[in-house]
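K.L.:
No letters, just coordinates:
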């Protein structure tokens, strides 16, 4: 790539000149100006375009210097030459949204009918209207499908709108710190901000002059919003109860505390780069966003069989767009049968703002997902090896499945080619990757550790971050052919519940676990009087994650109680091989087996 | 009691007429008017007085009709004849705070020097100043000690101030949904409200006339605060995304959503009963509140040996005064060696407002604590039995310890009279109650279930609601003589950690648990090939809360590894009696013992 390829371009375009845009509110808008930035070059196949959608107070300057503040682009940490969204390889587009105030038509634009700014005469626009304008721009480049649409917060709402309304143009959707609806609390905070603006006499019912906009009201609105972007722990870490440029309380109403000074600064600087009416219109668009409402409250129906690969990310301390909303979205995507759905919650104390900040785990995850998008399109991998044909899925960055354990291979033998598999507690995805490659399975995993989730994403596997004890409910009935639980049953708090969930999800469950009835264990306890420790159970009693051991007999009795039929069982010896028929074959399996593998189905 | 005794009185008093009050800010204030309500009658011993402290926008009308709104008192659910704070038996006082606007001197009062309202010339007052005024009023009744000081939110801050500054006057302190400091986020929200008020031109630098106060700014401040009083789930339950008196979105800035209409209503009605300057001053007092700062950040030192019985209560969904702050406070109270410290977190989705609402678990807990306060003072119990002498601690409402298990009796025999005991996983407090009554121990418990916590409080036991796996850190080093863990070790996620914590807290630990090395269990597994189920271990393997079984040998080896010496051990048989020396006495204890009791100390 030459320097020019990753060059930044400030651009504007004008659409709907003759045929106006039909807005969701019923009004029409013509002559829409779109201000946008592009980075990098569109390849000949037009297959390398990534659209980035900005948040409420963001703009098109995702990776270029802001013309007002002079600060670097708002996502320079992620977007740029050699970065995660690599402008040397991808053609990146970011537009100022409809209703914004950085060049795209909004309430501050001139109303052609009056020659004065629209002000309160600007129609109320929606997230859907914003995306329609973006789509017109993207299509004007001749792009049929975007490699990915990526956005956080309100940007994530736009991503969801793309996937819902234009799924055929959206190969992959990265939805960060967002939700499929604005919650009651979200609306409440926005209404607070709007009331602050409208309470300012300078607002003048929206007919103010640019130079005399309602600065005080907008500043208060910004302060309110800013508090919601940070977690209490982030605020505490940054400011605590520290005093601002003073040694003692002044017993007055100056900014004694750093947090007060910081908020005032946030408010004051914001009004220099943002328009109060735009703030009203954009917050309203977010409040109105509720995808499920389009299908009588059934969010899954919105994404029915969407041919989109989703990556949903939340942050643990984000209370504005909490993980619970991302989980609800993920559940709906799974229930709707979207092509592929991954979800992860990043541990962070930085609150909602985390998506804009330096969060290495998030960036590693995003990198894995974007690289997989590139590999699927046959785009060059990060190390700039030459482009390979799209049908060759094994890119150099993808690890190859090897050294699979014998029990995992035996497990694979139970599964017919082309099946749809859910691996519960999938770790780094080794087994799933093996099944995908060798059995051509359609595979998804569930894993609790972030490291495992990231490694799965790198392998191109759909993975849901969660806890098998509590989160299996998210998978719809009969959504897989087989659910696999490999050496995890004994670490479950409620093994019976997990087995029932597996059968609900897939009808067939494959379960492997260590046998507490093995003669070695019995001898350790029965003769030695101590809890057993061995190769299969390598932990001391007081530190083991294995909290519900059972014997083969115990397990089979439980299966009977749950009315599960045992369709196949393989008992493995000390070497992890199926038990051989030796002279001591008259001994029961329960005594000889070190571990076991069961295929269960609805009895 | 006659009807007159519980009568409500609206009263005012005037203090500091000749000798002004020295405020924390350094200024002096004279001629302070105090508006207050009393309910019930002070008894001859002046031992039945309860002071209730109100929150930011509360007032003295705790259980009487509000003169402006006409609504019932803000805590009528709790305070009144026959209620939890029973005005038939207690003399209840509630004052409008210094700086308020319901009759007590505040920024809206006339400045004697100018004859005009103080406005911005009113000195910045603190929680300490407010409490000093309350103390003067209480002393004027001839009351030396308050039976209890009770308050939620900023009321809880006043309660803490009472306990910190006037411990000898505070028998019991009930601190509800409060904290020993205002957090960064708390300050941020208050600063937001103040900026909204100050941005309103009608504020006029604080020199407005009453009839033209900054209604718009104060209304926005109230809206902001109101959002913080509710949890997202409470907002969702109450309003969701429901529309207000309309069938469809209007695509405008009217209150389309119920939550918008509700917030606007909250803002508009608030300005009729509250003064904007009072709002500034009271929020400032809360921001300045930071008890630890008085002792260089050492909160424990603030409560050094305080002769006060504390009851600290938080609500799970309260994000304004979160449980974490209440836990920090509780830890400091324990570390400071306060007379008695109880803590509980009430499960509620109602947010901070929960303390004002109908929360049966909270009310049951408060009832138990208040009744114990009454019993300790020898006041008549709820059923109106005649007053009994203060030295008789067994009131009719107290259950008597009976039917203690043999192993618990044996455990009691290990403990010298008058010891200080912590029972971890104390359940309903039966063992502690037994030890307290029979051994005259100073007892505290830790219990995870709210039902257990409530039953402990009813018995007059200090109890900390928490999880032994994670919360033992809250107890200071060497703060007890013995820590007891009765039949709970096997349910711990990290038994070794729990043992280490017990030794840290008390130096000596008494542990009892079922022996997984018993011959019956060995036979079940060794010969039967199944996980054992019996009288001591009554659960199936897949549903047992007992996740870390061990044998006596296992346990003793762990004690060796942790360098704990076994000072005493008692092995119990099937009937829960110490093993007898029968013919099979050559068999090891590990085979014969069904359960065991160990006394451990630092090796």
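P.N.:
Perfect, thanks for sending it. Note that the structure is predicted; figures quoted are calculated from it, not measured.

K.L.:
Phi first, then psi, for residue A:346.
P.N.:
The phi and psi values for residue A:346, taken as degrees, to the nearest 10, are phi -80, psi 130.

K.L.:
so who does residue A:105 touch?
P.N.:
Counting by Cβ atoms under 8 Å, 6 or more residues apart in numbering or on different chains, residue A:105 touches A:29, A:31, A:32, A:33, A:34, A:98, A:99. (Glycine included, C-beta is placed from N, CA and C.)

K.L.:
same thing but at 10 Å, please
P.N.:
A:14-16, A:21, A:29-35, A:96-99, A:118, A:122, A:125, A:133 (Cβ atoms under 10 Å, 6 or more residues apart in numbering or on different chains).

K.L.:
Residue A:279 too?
P.N.:
Residue A:279 touches A:56-57, A:99, A:101, A:107, A:190, A:193-194, A:196-197, A:213-214, A:217-218, A:221-222, A:225, A:270-271, counting by Cβ under 10 Å, 6+ apart.

K.L.:
quick one on the thing from earlier: please go through the contacts of residue A:105 and note which also touch chain B.
P.N.:
Among the contacts of residue A:105, the residues within reach of chain B (Cβ under 10 Å from any Cβ of the partner chain) are residue A:125.

K.L.:
Now restrict the contacts of residue A:105 to buried residues only.
P.N.:
By neighbour count, with 16 or more other Cβ atoms under 10 Å in any protein chain shown, those hold A:15-16, A:21, A:29, A:32-35, A:96-99, A:118, A:122, A:125, A:133 as buried.

K.L.:
closest to chain B among these?
P.N.:
When these are ranked by distance to chain B (Cβ to the nearest Cβ), residue A:125 comes first, at 9.0 Å.

K.L.:
which non-adjacent residue is nearest that closest one?
P.N.:
Distances taken as Cβ to Cβ, 6 or more residues apart in numbering or on different chains place residue A:99 nearest to residue A:125, at 4.7 Å, with adjacent residues excluded.

K.L.:
Which phi and psi values does the one you found adopt?
P.N.:
Taking degrees, to the nearest 10, you get phi 100, psi -10 for the backbone angles of residue A:99.

K.L.:
Look up how far residue A:460 lies from it.
P.N.:
37 Å (Cβ to Cβ, to the nearest Å).

K.L.:
The closest residue to residue A:275 other than its chain neighbours: what's it in contact with?
P.N.:
Nearest non-adjacent residue to residue A:275, counting by Cβ to Cβ, 6+ apart: residue A:101, 3.8 Å away. Neighbouring residues of residue A:101 by Cβ under 10 Å, 6+ apart: A:57, A:59, A:107-109, A:210, A:273-279, A:281-282.

K.L.:
and if you look at residue A:417?
P.N.:
Residue A:417 neighbours (Cβ under 10 Å, 6+ apart): A:435, A:438, A:439, A:440, A:441.

K.L.:
how about a markdown table for these, with distance to residue A:449 and neighbour count added?
P.N.:
Listed next are the contacts of residue A:417 as a markdown table, based on distance: Cβ to Cβ, whole Å; neighbours: other Cβ atoms under 10 Å in any protein chain shown:
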| residue | distance to residue A:449 | neighbour count |
| --- | --- | --- |
| A:435 | 20 | 26 |
| A:438 | 25 | 14 |
| A:439 | 25 | 17 |
| A:440 | 27 | 11 |
| A:441 | 22 | 23 |
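
K.L.:
What subset of the contacts of residue A:101 is buried?
P.N.:
By 16+ other Cβ under 10 Å, the contacts of residue A:101 give A:57, A:59, A:107-109, A:274-279, A:281-282 as buried.

K.L.:
can I get those residues in JSON lines with distance to residue A:231, pLDDT and secondary structure?
P.N.:
Converted to JSON lines, the buried ones among the contacts of residue A:101 look like this (distance: Cβ to Cβ, whole Å; pLDDT from 0 to 100; DSSP: H, G, I helix; E, B strand; the rest coil):
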{"residue": "A:57", "distance to residue A:231": "19", "pLDDT": "96", "secondary structure": "coil"}
{"residue": "A:59", "distance to residue A:231": "25", "pLDDT": "97", "secondary structure": "coil"}
{"residue": "A:107", "distance to residue A:231": "32", "pLDDT": "98", "secondary structure": "coil"}
{"residue": "A:108", "distance to residue A:231": "33", "pLDDT": "97", "secondary structure": "coil"}
{"residue": "A:109", "distance to residue A:231": "36", "pLDDT": "97", "secondary structure": "coil"}
{"residue": "A:274", "distance to residue A:231": "24", "pLDDT": "97", "secondary structure": "coil"}
{"residue": "A:275", "distance to residue A:231": "29", "pLDDT": "98", "secondary structure": "coil"}
{"residue": "A:276", "distance to residue A:231": "27", "pLDDT": "98", "secondary structure": "helix"}
{"residue": "A:277", "distance to residue A:231": "30", "pLDDT": "98", "secondary structure": "helix"}
{"residue": "A:278", "distance to residue A:231": "27", "pLDDT": "98", "secondary structure": "helix"}
{"residue": "A:279", "distance to residue A:231": "23", "pLDDT": "98", "secondary structure": "helix"}
{"residue": "A:281", "distance to residue A:231": "28", "pLDDT": "98", "secondary structure": "helix"}
{"residue": "A:282", "distance to residue A:231": "23", "pLDDT": "98", "secondary structure": "helix"}
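
K.L.:
Just name the closest of these to residue A:241, please.
P.N.:
For the buried ones among the contacts of residue A:101, the residue nearest residue A:241 by Cβ to Cβ is residue A:57; the value is 27.7 Å.

K.L.:
From residue A:320, how far off is the nearest residue to that closest one once chain neighbours are set aside?
P.N.:
Closest residue to residue A:57 apart from its sequence neighbours, by Cβ to Cβ, 6+ apart: residue A:274 at 6.1 Å. Distance of residue A:274 to residue A:320, given as Cβ to Cβ: 18 Å.

K.L.:
What of residue A:295?
P.N.:
Separation of residue A:295 from residue A:320 (Cβ to Cβ) stands at 25 Å.

K.L.:
between the two, who's got more neighbours?
P.N.:
residue A:320 (23 against 15; other Cβ atoms under 10 Å in any protein chain shown).

K.L.:
Three-state assignment for that one, please.
P.N.:
Put simply, residue A:320 is coil when judged by DSSP: H, G, I helix; E, B strand; the rest coil.

K.L.:
Contacts only, for it.
P.N.:
Here residue A:320 is in contact with A:153, A:177, A:179, A:183, A:185-186, A:189, A:225, A:227-231, A:351-353, B:232 (Cβ under 10 Å, 6+ apart).

K.L.:
quick one on the thing from earlier: looking at the buried ones among the contacts of residue A:105, which are in strands?
P.N.:
A:15, A:21, A:29, A:32, A:33, A:34, A:35 (DSSP state E).

K.L.:
May I see the residues you listed arranged in CSV, with pLDDT as well?
P.N.:
Output for these, formatted as CSV (pLDDT from 0 to 100):
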residue, pLDDT
A:15, 97
A:21, 97
A:29, 97
A:32, 97
A:33, 97
A:34, 98
A:35, 98
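
K.L.:
I'd like these laid out as JSON lines, including distance to residue A:299.
P.N.:
Listed next are these as JSON lines, based on distance: Cβ to Cβ, whole Å:
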{"residue": "A:15", "distance to residue A:299": "31"}
{"residue": "A:21", "distance to residue A:299": "26"}
{"residue": "A:29", "distance to residue A:299": "28"}
{"residue": "A:32", "distance to residue A:299": "30"}
{"residue": "A:33", "distance to residue A:299": "34"}
{"residue": "A:34", "distance to residue A:299": "30"}
{"residue": "A:35", "distance to residue A:299": "32"}
